[in-house]
Every structure is written in C-alpha cells, then in structure tokens.
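1. Generate a structure from the sequence data that follows.
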Amino acid sequence: MNQTTRTYDVIVIGAGPVGENVAERARAAGLSTVIVERELLGGECSFWACDPSKALLRPVVARADARRIPGLGQAVGGPLDVEAVLAHRDKMSSYWKDEDQADWLNSVSVDLIRGHGRLTGPKQVSVQTPDGELIALTARHAVAVSTGTRAALPPIPGLDTVRPWTSREATSAAEVPKRLAVVGGGVVAVEMATAWQALGSQVTMLVLENTLLQRMEPFAGELVTDGLREAGVDIRFNTTVTSLAREGGEVQITLADGRQLAADEILLATGRAPNTWDLGLETIGLTPGDWLKVDDTFQVTDVADGWFYAVGDVNHRALMTHQGKYQARIAGTVIGARAKKQPIDDAPWGAHAATADHAAVPQVVFTTPEIASVGLTTHEAARSGRRIKVVDYNLAHIAGAHQYGQDYRGHARMLIDLDRDTVLGVTFAGPGVGELVHSATIAVAGQVPLDRLWHAVPAFPTLGEIWLRLLETHRG
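-> Here you go, the predicted model:
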C-alpha cells in the first residue's frame, strides 16, 4: 500500500453494499479489482439507513401486531424499553465499525484503499489517503462509481443555524427528543415518525403535499396516515416551512401561514442528491453534482469508449439497497464479460440487462401498517398507455387476516395487463404484508400468465390467500 502508482483491471469508487457487490462480481470473473472508500465500508445502508432504521422499527411493529392478538394485548400494553431498543440498533449497526466488512473484502480477494477517490481522466483515479499519501490508480478495463446519495436539504432561511437532523441523525441518535418535527412525507419521513413517536417523542409532520407516500397507490398513504394519527402523530398537510431558528435549545419553525411551531429537533426528509460533487467528473466531460445516466448494463451513456459505469443510487434508477445490489451483480458480470470479449445478452430480461429496474422494483415501507409494492402503480400503468384492469380486495376479509390479529385493516391492488394477461404491479397495505412482496415480485418479473398463476395454491389460513381472492375477483 506504500506504492504511489498501481494498475488494476477494475477500480470501484464507493464501498457500500453496491460497490462491494460490483467488486466481488468483477473479481469472481477473474479481474484484479480495487475498491476505494472514504467513510465506513458498508456505506449508508449498514450504518445510517436500512440496518439501523429497521432495528428501530422492528420493536414498534412487533408491539403493534402483538396488541391485536387476544391474550397478548395487556402483556404488551406498556411503553417500549428505549434503552434496549437503542442498544439493539447499535448492535445491528455494528457499533459503527467496519472491520467485518474489511475482512469480507479480503476474503474475496478485493484490494481496499481507504481515502477519497477522484477521477483525473479516462480510467484514471487519484486517492488521497487519511495519512496524506496520494495514490494514482489506472484501470485496464473499467471504473465503476457507487458513491450513492446524501440528504438533499431545501433552501430554508435559517437552516444553517438549527443543526437539522437528516436520515443519518434520525437513525443514529443516542437520545429521544421530547418533540420532533419531521419535514417531508416520503418513506424516510413516515418510517422515522413511526419509530420516534413510539420511542416517546411527540412527532409533528409538516408535509408539503396533500398526502403521504405520494408515489405509491393512494390507499397506501391513507392507511399510513391513519396509523400515524392513531399513534399520536400530528400530521399537517399542504404545509410549507418558510424559516428556521434555534433559540435556547429549541428549534423555532415558521410556516407559510404565519403560524409557529417549536421542537427540540427537526428532521428534514426532503429527498436525496447524488454524491458526485467531488468525484472529478469534470475531467471526463461530465458535470459535478449531476446524476449519472446509464444504459441497462450500467455504462454511463455520456462517456465514450464504454469504460465508465455508475451503479446504485448514483444513477437515479431505483434508490433502494436491494435494487442497487441487483444492479451490482449485473454490472460486475457485464464488466467481466466485456473484458473477456464475451457476448453480451442485454435484451430485456437478459443476463446482462437490469430490466427489473423498469418493471419489477420491490419496496417495503416499515410502518404500522406496512406497505409492500412491486411493479407499476395505477398512475404509472395508465401513463404508459397500456390497457389495464385494476383489481382491488379488502385484505381484512381473508381468513389469514383474522388469524393475524383483531381489527385487521388493509387493502390489496393488482394491476393486470389485458393484452398479455399478466400482472403489471401489486400493492399491499396492512400488517405483515412485507412478507408478501416476493411472491408479487416473482409474478411480475416472471410475467406469469394469470391462467398459470391460478394454479399457485396459497396455504390456508395465511395472508398469502390474498392471491386467490384477487384472482377470483378478476375472474368474476
């Protein structure tokens, strides 16, 4: 590692789960590979997103489920053990240490350089290490960028004075704020509102739009709104924050209608921006701070000669860890195949094409109730010009829901492509539906004909029986 100049077949910048998987697949193809990371190996997902957020939410959801079961409600009627929940969160985040990740990279024979990597030209990367060393790297075949995203903060006057929470602080905070304001209505906003309200905060949500989870089916946002309000969250729709100030330890929030609100902390869950500002993009003809546009093999389309790849959130296709890892498996395999001059199968659903990014992206929102979806929404399907049929069913009417818990509330929607007689999209809303999403993903990604899906018999009495009821409703 004392060398100042090194050459590899593949250079990967960014060692989150996406970059790690690109590197592993390239190495599995027999290519020498190095990965560069300036923060913790494992990235956002392992330390400030997926793992810590779900560790915070699991006790909340489990308690909500248990309260619906006869014989358990009284036993779980008290508050959560905050200290135990936060300790579990810390454990699931590996105490913000990445030795295990480094050991894994070593086990798959991928070299690691810790430091800030920047492009300096085609196939050239310079790394500034923490101890001041400058290492110049050259790639024989490919450079892949997997630097992910960061929180996008709105230009609110006074923002720089209040030390706002982003998703990082919301998932790693060591204490429960007495009052938490959440600006936003997307996934991060609803999940963190769910977690911190249950842990003892009085949460107020300030939502610019007139609904939560605006990109999903409308009933999803409606059911999550009901669940949050029943838990005690104050949700204010059509609300704009016009200025912020911190006075005496409190955050003073001024709204567009002139009203003011005080909170101990404020979480800005207002979207994501790509980590491309300080990546040296200008040295290869791209604009720093931009999303990186790619084709279905993850080559950046605005860079000649096909050596530059962008994988994961940084390409703005599907900003979820599982989808980024899917992209990484494809990109790493593509890089290996091109290096060996092997044929590339980039036709839809081919081995070297990320078709699922367009047609079958699964997502679970870990609120009470849960939301699970895959494929297109009604709005997206209609906008695509397809002939569709919308099939709805009340999840509370199936036997598995009655067994799951009393007073079950939920809804299911299946979109059918009438010309192909296949499933285009599915959305479930209700307790426990997160475990239904993979069956829906198989139906959508596999383009399973409905006549064949009819023969996939769901076990009784489970929530999976919803598939039979949707198909029965479709058949009339």
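2. From the contact counts, what lies against the strand or helix carrying Leu228?
-> Assessed by DSSP states H and E, Leu228 sits inside helix 218-231. If you count contacts as 3 or more CB pairs under 8 Å, 6 or more residues apart in numbering; DSSP states H and E, helix 218-231 packs onto helix 187-198, strand 234-236, strand 371-375, strand 411-417, strand 422-429. From N, CA and C alone the C-beta is placed, and that goes for glycine too.
3. Same question for that helix: list its buried residues.
-> For helix 218-231, burial by neighbour count (16 or more other CB atoms under 10 Å) applies to 218-221, 223-225, 227-228, 231.
4. Just the CA trace of it, in CSV.
-> Extracted in CSV, the C-alpha atoms of helix 218-231 (Å, rounded to 0.1, in the frame of the first residue of the first chain):
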residue,chain,number,x,y,z
PRO,A,218,-53.3,6.5,-2.8
PHE,A,219,-54.7,3.9,-0.3
ALA,A,220,-51.2,3.2,1.0
GLY,A,221,-50.7,6.8,2.1
GLU,A,222,-54.2,7.0,3.6
LEU,A,223,-53.7,3.9,5.7
VAL,A,224,-50.3,5.0,6.9
THR,A,225,-51.8,8.4,7.8
ASP,A,226,-54.5,6.7,9.9
GLY,A,227,-51.9,4.6,11.6
LEU,A,228,-49.6,7.5,12.5
ARG,A,229,-52.5,9.7,13.8
GLU,A,230,-53.8,6.8,15.9
ALA,A,231,-50.3,6.6,17.4
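5. can you give me the angle it makes with strand 411-417?
-> 170 degrees (axes from the mean of the first three to the mean of the last three CA atoms, to 10 degrees).
6. Other residues contacting helix 218-231?
-> The contact list for helix 218-231 (CB atoms under 8 Å, 6 or more residues apart in numbering) reads 185, 190, 193-194, 197-198, 203, 205, 211-214, 235, 365, 367-369, 371, 373, 409-411, 413, 427, 429-430.
7. which residues sit in contact with the most centrally placed residue in the chain?
-> Closest residue to the average C-alpha location of the chain: Met320 at 3.0 Å, with CA atoms, centre = their mean. Met320 is in contact with 361, 363, counting by CB under 8 Å, 6+ apart.
8. so what's the backbone phi/psi at the residue nearest to Arg179 when sequence neighbours are not counted?
-> Spatial nearest neighbour of Arg179, chain neighbours left out: Ala263 (4.5 Å); criterion: CB to CB, 6 or more residues apart in numbering. Backbone geometry at Ala263, expressed as degrees, to the nearest 10, gives phi -150, psi 160.
9. Glu247 versus Ala263, what's the distance?
-> 12 Å (CB to CB, to the nearest Å).
10. Of those two, which one has the most company?
-> Ala263 (23 against 10; other CB atoms under 10 Å).
11. Contact partners for Pro274?
-> So Pro274 contacts 147-149, 289-292, 313-314, 316 (CB under 8 Å, 6+ apart).
12. and it, what pLDDT?
-> Per-residue pLDDT puts Pro274 at 97.
13. Could you give the bridge partners of it?
-> Thr149 (DSSP bridges).
14. Tell me where the protein is predicted with low confidence.
-> Within the chain, the ranges that satisfy pLDDT under 70 run 1-3.
15. Domains in it, by residue range?
-> 5-42+98-150+273-356, 159-270, 369-475 (automatic domain parsing).
16. Put together TSV for the ones you listed, with distance to Arg89 on each row.
-> Conversion of the domains of the chain to TSV gives the following (distance: least, CB to CB, whole Å):
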stretch	distance to Arg89
domain 5-42+98-150+273-356	15
domain 159-270	8
domain 369-475	19
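17. Output the longest strand belonging to the protein.
-> strand 134-145 (DSSP state E).
18. relative to strand 134-145, how tilted is the longest helix anywhere in the chain?
-> Among the elements of the chain assigned as helix by DSSP state H, the one spanning the most residues is helix 321-339. Helix 321-339 and strand 134-145 are oriented at 100 degrees to each other (the same axes, to 10 degrees).
19. Buried residues of helix 321-339, list them for me.
-> Buried residues in helix 321-339 (16+ other CB under 10 Å): 321, 323-339.
20. try stretch 60-75
-> Buried, per 16+ other CB under 10 Å, within stretch 60-75: 60-61, 63-65, 67.
21. Which members of those residues are positioned in helices?
-> Using DSSP H, those in helices are 60-61, 63-65.
22. now, which of those residues sits nearest Gly78?
-> Arg63 (9.3 Å; CB to CB).
23. got the contact list for the closest one?
-> Contacts of Arg63 (CB under 8 Å, 6+ apart): 76, 80, 198.
24. ok, now how distant is it from Gly43?
-> Taking CB to CB, one finds Arg63 at 30 Å from Gly43.
25. one step back: tell me the one of the buried residues of stretch 60-75 nearest Arg475?
-> Asp65 (32.0 Å).
26. List the residues that contact the closest one.
-> 404-405, 431-432.
27. Hmm, Ser201 is touching Pro177, no?
-> Yes: assessed by CB atoms under 8 Å, Ser201 is found in contact with Pro177 at 5.4 Å.
28. quick one: which of the two has more around it?
-> Per other CB under 10 Å, whichever of Ser201 and Pro177 has more neighbours is Ser201, with 23 against 20.
29. Can you tell me the closest non-neighbouring residue to that one?
-> Leu180 (4.3 Å).
30. which residues sit in contact with that neighbour?
-> 193, 196, 201-204, 263-267.
31. Apply 7 Å and report the result again.
-> By CB atoms under 7 Å, 6 or more residues apart in numbering, Leu180 lies in contact with 196, 201, 203, 263-265, 267.
32. What is the nearest of those to Glu133?
-> The closest of the contacts of Leu180, once distances to Glu133 are taken by CB to CB, is Leu267, at 37.8 Å.
33. now the closest one, what's its secondary structure?
-> Look at Leu267: counting by DSSP: H, G, I helix; E, B strand; the rest coil, its state is strand.
34. count of neighbours near it?
-> 27.
35. what's the distance between the nearest residue to it once chain neighbours are set aside and Ala347?
-> Counting by CB to CB, 6+ apart, Leu267 lies nearest to Trp165, which is 4.2 Å off, once chain neighbours are set aside. Here the criterion is CB to CB. By it, Trp165 lies 45 Å from Ala347.
36. of these two, who's got more company?
-> Trp165 (25 against 11).
37. close enough to count as contact, the more buried one and Asp264?
-> No: checked against CB atoms under 7 Å, the pair Trp165 and Asp264 is beyond contact range at 10.4 Å.
38. Please enumerate residues in contact with the helix or strand hosting Ile466?
-> Secondary structure from DSSP H and E places Ile466 in helix 466-475. Residues outside helix 466-475 that contact it (CB under 7 Å, 6+ apart): 391, 393, 395, 398, 412, 414, 416, 439, 450, 453-454, 456, 458.
39. Apply 6 Å and report the result again.
-> 391, 393, 398, 412, 414, 454, 458 (CB atoms under 6 Å, 6 or more residues apart in numbering).
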